[in-house]
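Undergrad: here is a sequence with its predicted model. Questions after.
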Amino acid sequence: MIVKTFGSAIRGVDAITITIEVNVSQQGNRFYMVGLPDSAVKESERRIESAISHLGFRMPRTRTVVNMAPAAIRKAGAAYDLPIAIGILGASGKIPADAFGRYLLMGELSLDGSVLPVRGALSMAIQAQQEGFKGLVLPAVNALEAAMVRPLEVYGVSHLSEVMQFFSQPGSLKPVPAVPPERSCVTFDLDFSDVKGQHNIKRALEIAAAGGHNAILIGPPGAGKTMLAQRLPTILPPLTLQEALETTKIHSVAGKLPQHASLVAKRPFRSPHHTISDTALVGGGSQPQPGEISLAHHGVLFLDELPEFKRQVLEVMRQPLEERRVTISRARSAIDFPAGFMLLASMNPCPCGYFNHPEKACSCSPGMVQKYLNRVSGPLLDRIDLHVEVTPVAFSDLTGHREEEKSAFIRDRVIAAREVQAARYAGIAGIYCNAQVNSQQLREYCTLPDNCHQLLKNAIQQLKLSARAYDRILKVSRTIADLAGSDSIGTAHMAEAIQYRSLDREGWR
């Protein structure tokens, strides 16, 4: 008897439906598994045999063939245990098999029949809904995540016996209700009001948050670079539903989603150590997984002490920063991972940290300073919109009683600016903020009056800026105008945007 069940394979952040055919015949007594399974899938025979025997049944002692189609796609991991086990039980006549075709099943089995968590539940649910499946059966800890996809019915199970009962007695399980989190009411432990002084740096980070721009903070040790960077998420606008779904898919595939979570409610803030490898940063591996730049999708990637990172690691970010995605290529396939992140970096101006310090003398020679700065390539710095010089905090600011502005008030201005941008780019798919527009769209939405055009021309000629820097200045000036509530870009907006190109000035590099 031939029975078909259905599972999913994850490729990148999307799912592909896998048809699992089980044929139990009377000729022979061996177990065969075909369809390009890896070692973990082949080992499922022993796990399934133990789980079935724990329920009081026995594996068929006749010829059993399990085929996983399409055969051109490699099947990896233990998440196929559940659909294979149900297929074997159906082909053996232990449970009715007429309802299998309407459901997609995934789950790893323990030896006692418990159903263990899987990765990529949200991607599986989206694919199942698109292909017209009635429901999805998967581990209970993944159920809330998948239940966000409606009208798909999602059933969370903890044991193989529950799945058998579900197909034997329809109605024995109830679909898991979707409980979307309140994305607009997330709370933070940190706040910008904790930072004394540094108002110009707060202004720069407000601009970065409003337009989704990349930024780098350059200053001496103890000036507050890391402290300010850690508080950037507190002024970012809440995730839209579409952004939350995209972010959750990536974290689910990577196994980073907390148990019993439905959606990622906060924008990601990833801060990898400078010893990270290029594969861990951009993704990859023998079974490609998303890296830190993808885990920071719709959020912030913070690289503290930027020159301490290996140059090779930093250079692999150049293409993802432009294309907002990363392609992992292998001999047989290529996989795309989203990488629409804000890059926030910090660095000292020299090895000792006191180059250009207003009070302390730098102990580094000019050659040492230049060598230190050259650890970060010019092409990478060219892709960073805002270069912000961080000066030491004055003693009067540290000891003063002035009440600093709270993150909530800054966030309100950022949200207002983002709403303007959302209306502006409403008809363009995948564009949420100014930093994401391409050169063609930039000419349409960032037209300049004559006085601004002349100001920008002078800056380009004097600073010898690249064409990419020209685009970056236009985007930043458009964001500054949005924060000011202006429909057009003015000279004040343009001048402020130009002064955020400090590393392009002679004397820094």
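TA: Structure's in. What do you need?
Undergrad: biggest strand in the protein by residues?
TA: Longest strand in the chain by number of residues (criterion: DSSP state E): strand 14-25.
Undergrad: now for that strand, which elements pack on it?
TA: In terms of contacts (3 or more Cβ pairs under 8 Å, 6 or more residues apart in numbering; DSSP states H and E), strand 14-25 is packed against strand 2-11, strand 63-69, helix 81-91, helix 121-130. (C-beta placed from N, C-alpha, C; glycine too.)
Undergrad: do a quick rundown of the helices in the stretch 301-450 of the chain.
TA: Under the criterion DSSP state H, counting those that start in this stretch, the stretch 301-450 of the chain contains helices at 311-315, 318-323, 366-373, 378-382, 395-399, 407-424, 439-445, 450-463.
Undergrad: roughly how far is the helix or strand of the chain with the lowest mean pLDDT from the heart of the chain?
TA: Across the helices and strands of the chain, mean pLDDT, DSSP states H and E gives its lowest value to helix 395-399, namely a mean of 73. For helix 395-399, the distance from its own C-alpha centre to the chain's C-alpha centre is 39 Å (Cα atoms, centre = their mean, to the nearest Å).
Undergrad: stretch 443-453: end-to-end distance?
TA: As for stretch 443-453, its first-to-last residue distance stands at 13 Å under the measure Cα to Cα, to the nearest Å.
Undergrad: how about stretch 71-80?
TA: Rule used - Cα to Cα; the end-to-end distance of stretch 71-80 is 15 Å.
Undergrad: and stretch 232-247, by the same measure?
TA: Rule used - Cα to Cα; the end-to-end distance of stretch 232-247 is 18 Å.
Undergrad: can you give me the buried ones in it?
TA: Burial within stretch 232-247, assessed by neighbour count using 16 or more other Cβ atoms under 10 Å, is assigned to 232-239, 243-247.
Undergrad: quick revisit: include mean neighbour count and distance to residue 337 when you put the helices of the stretch 301-450 of the chain into TSV, please.
TA: Output for those, formatted as TSV (neighbours: other Cβ atoms under 10 Å; distance: least, Cβ to Cβ, whole Å):
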stretch	mean neighbour count	distance to residue 337
helix 311-315	15	17
helix 318-323	16	9
helix 366-373	15	31
helix 378-382	17	20
helix 395-399	10	42
helix 407-424	18	24
helix 439-445	12	24
helix 450-463	14	35
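Undergrad: right, and the ones you listed - which one's nearest residue 151?
TA: Nearest to residue 151 among the helices of the stretch 301-450 of the chain is helix 407-424; the distance by Cβ to Cβ comes to 27.4 Å.
Undergrad: now do the closest one, average pLDDT.
TA: Mean per-residue pLDDT for helix 407-424: 93.
Undergrad: flag the shaky bits of the stretch 401-509 of the chain, pLDDT-wise.
TA: Using pLDDT under 70 as the threshold, the predicted model of the stretch 401-509 of the chain has low-confidence ranges 504-509.
Undergrad: ok, 90 please
TA: When residues are selected by pLDDT under 90, those of the stretch 401-509 of the chain lie in 401-404, 426-433, 436-451, 453, 456-471, 487-488, 501-509.
Undergrad: kindly export stretch 401-414 (C-alpha atoms) in PDB.
TA: What follows is the C-alpha trace of stretch 401-414 in PDB, where atoms were taken according to Å, rounded to 0.1, in the frame of the first residue of the first chain:
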ATOM      1  CA  HIS A 401      21.200  68.400  36.800                       C
ATOM      2  CA  ARG A 402      19.800  69.100  33.300                       C
ATOM      3  CA  GLU A 403      17.100  66.500  32.400                       C
ATOM      4  CA  GLU A 404      18.100  64.700  29.200                       C
ATOM      5  CA  GLU A 405      15.500  64.000  26.500                       C
ATOM      6  CA  LYS A 406      13.900  60.600  26.800                       C
ATOM      7  CA  SER A 407      14.000  58.000  24.000                       C
ATOM      8  CA  ALA A 408      10.200  58.100  23.700                       C
ATOM      9  CA  PHE A 409      10.200  61.700  22.500                       C
ATOM     10  CA  ILE A 410      13.000  61.100  20.000                       C
ATOM     11  CA  ARG A 411      11.200  58.000  18.800                       C
ATOM     12  CA  ASP A 412       8.000  60.000  18.200                       C
ATOM     13  CA  ARG A 413       9.900  62.300  15.800                       C
ATOM     14  CA  VAL A 414      11.500  59.300  14.100                       C
END
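Undergrad: now render the helices and strands packed on strand 14-25 as a markdown table, adding distance to residue 302.
TA: Below are the helices and strands packed on strand 14-25 laid out as a markdown table (distance: least, Cβ to Cβ, whole Å):
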| stretch | distance to residue 302 |
| --- | --- |
| strand 2-11 | 28 |
| strand 63-69 | 41 |
| helix 81-91 | 39 |
| helix 121-130 | 26 |
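Undergrad: reformat these as TSV; add distance to residue 306, mean neighbour count and mean pLDDT.
TA: Converted to TSV, the helices and strands packed on strand 14-25 look like this (distance: least, Cβ to Cβ, whole Å; neighbours: other Cβ atoms under 10 Å; pLDDT from 0 to 100):
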stretch	distance to residue 306	mean neighbour count	mean pLDDT
strand 2-11	33	22	92
strand 63-69	45	20	93
helix 81-91	44	26	93
helix 121-130	33	25	93
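Undergrad: what residues are up against residue 363?
TA: The contact partners of residue 363, taken as Cβ atoms under 8 Å, 6 or more residues apart in numbering, are 352, 354.
Undergrad: straight-line length of stretch 288-299, end to end?
TA: Using Cα to Cα, one end of stretch 288-299 lies 21 Å from the other.
Undergrad: pLDDT on it, on average?
TA: For stretch 288-299, the per-residue pLDDT values average out at 93.
Undergrad: need the residues that contact that stretch.
TA: With contact meaning Cβ under 8 Å, 6+ apart, stretch 288-299 is reached by 12-13, 233, 236, 239, 243, 246-247, 250-251, 253-254, 256, 267-270, 272, 276, 279-284, 301, 317, 320, 326, 328, 330, 335, 337-342.
Undergrad: return the distance of that stretch from the chain's centre.
TA: Average the C-alpha atoms of stretch 288-299, do the same for its chain, and the two points are 4 Å apart (Cα atoms, centre = their mean).
Undergrad: what's the answer for stretch 191-206, then?
TA: Mean-position distance between stretch 191-206 and its chain equals 26 Å (Cα atoms, centre = their mean).
Undergrad: between the buried residues of stretch 232-247, which sits nearest residue 364?
TA: Closest to residue 364 out of these is residue 232 (29.3 Å), distances taken as Cβ to Cβ.
Undergrad: who's in contact with the closest one?
TA: Contact analysis of residue 232 by Cβ under 8 Å, 6+ apart lists 205, 208-209, 269, 300, 302, 342, 344.
Undergrad: pLDDT value on residue 342, please?
TA: According to the predicted model, the pLDDT of residue 342 comes to 95.
Undergrad: correction: the previous question concerned residue 374.
TA: Listed pLDDT for residue 374 reads 86.
Undergrad: what distance do you get for it to residue 276?
TA: Using Cβ to Cβ, to the nearest Å, we find residue 374 at a distance of 21 Å from residue 276.
Undergrad: what about these two, which has more around it?
TA: A count of neighbours by other Cβ atoms under 10 Å puts residue 276 above the other of residue 374 and residue 276, at 15 against 12.
Undergrad: quick one: contacts for the more buried one?
TA: With contact set as Cβ under 8 Å, 6+ apart, residue 276 has these partners: 292, 309, 313.
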